[in-house]
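Q: Let's see this in three dimensions:
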Amino acid sequence: MSNSVKGADAYFQGKLFEREIEENIVCASNVWVMRIRDGGNNERPGDLIVLYNKFRLLVEAKSTCSSIFNVRALIKRHQIVSLRMFMLTYNLNIGLFFIKFIASNAVYAVDVESLMSYIKQTRSTAIQEHEFAETKLNCVCLSTDNNSIDHVKLSYYLELLYANNN
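A: Model prediction:
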């Protein structure tokens with residue numbers, strides 16, 4: 001398979017995952033979801049803003065066909081900066097990555113500060129799936145048997161993030 005075909009497939013898988021995240025979050029009770037303009041100076045819809053009862057999330061959805069999540073290859077610098085700036089504007093704001101390992105169909109949520117802290121601690125931008133699964137970094141597995149997001153786990157994770165940051 002050529003690199004352009006692999007790239008197109010990865011892009012398609014990423015868009016499917018973004019849609020999956022949006023559709024799953026909308027199903028939660030008392031949640032508002034809106035798309036904001038893409039941060040790359042584009043006019044197309046970009047990231048999700050999710051308003052829970054207590055929290056506001058800026059969400060980046062990323063997926064990989066590999067068993068390794070390569071931060072440098074999958075996350076642009078301006079995305080990290082945007083999530084961090086979002087978190088600084090209000091103490092209930094959380095910059096969150098949803099990460100999907102396509103082969104295992106596992107979905108994890110990790111906030112930007114936990115991800116950056118783990119990268120600094122390990123001195124590696126390549127994080128293996130088992131590191132997420134073993135929660136070596138502060139994250140939560142949101143996968144369910146029916147390909148939806150476990151909203152109870154997500155809410156609990158958000159509460160823990162809030163408690164740890166205040």
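
Q: Verify the contact between Ser114 and Lys136 for me.
A: No - contact criterion Cβ atoms under 8 Å: Ser114 and Lys136 do not qualify, at 10.7 Å. In short, each C-beta sits where N, CA and C put it, glycine included.

Q: Give me the more crowded residue out of these two.
A: Ser114 (17 against 14; other Cβ atoms under 10 Å).

Q: So which residues of the protein form helices?
A: Ranges of helices within the chain are 3-26, 71-74, 77-89, 112-122, 129-133, 151-165, based on DSSP state H.

Q: For Val59, which of these is the nearest?
A: helix 3-26 (6.8 Å; Cβ to Cβ).

Q: is it possible to export the helices of the chain to JSON lines including mean pLDDT and distance to Gly95?
A: Output for the helices of the chain, formatted as JSON lines (pLDDT from 0 to 100; distance: least, Cβ to Cβ, whole Å):
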{"stretch": "helix 3-26", "mean pLDDT": "75", "distance to Gly95": "15"}
{"stretch": "helix 71-74", "mean pLDDT": "92", "distance to Gly95": "14"}
{"stretch": "helix 77-89", "mean pLDDT": "92", "distance to Gly95": "3"}
{"stretch": "helix 112-122", "mean pLDDT": "95", "distance to Gly95": "4"}
{"stretch": "helix 129-133", "mean pLDDT": "94", "distance to Gly95": "17"}
{"stretch": "helix 151-165", "mean pLDDT": "84", "distance to Gly95": "10"}
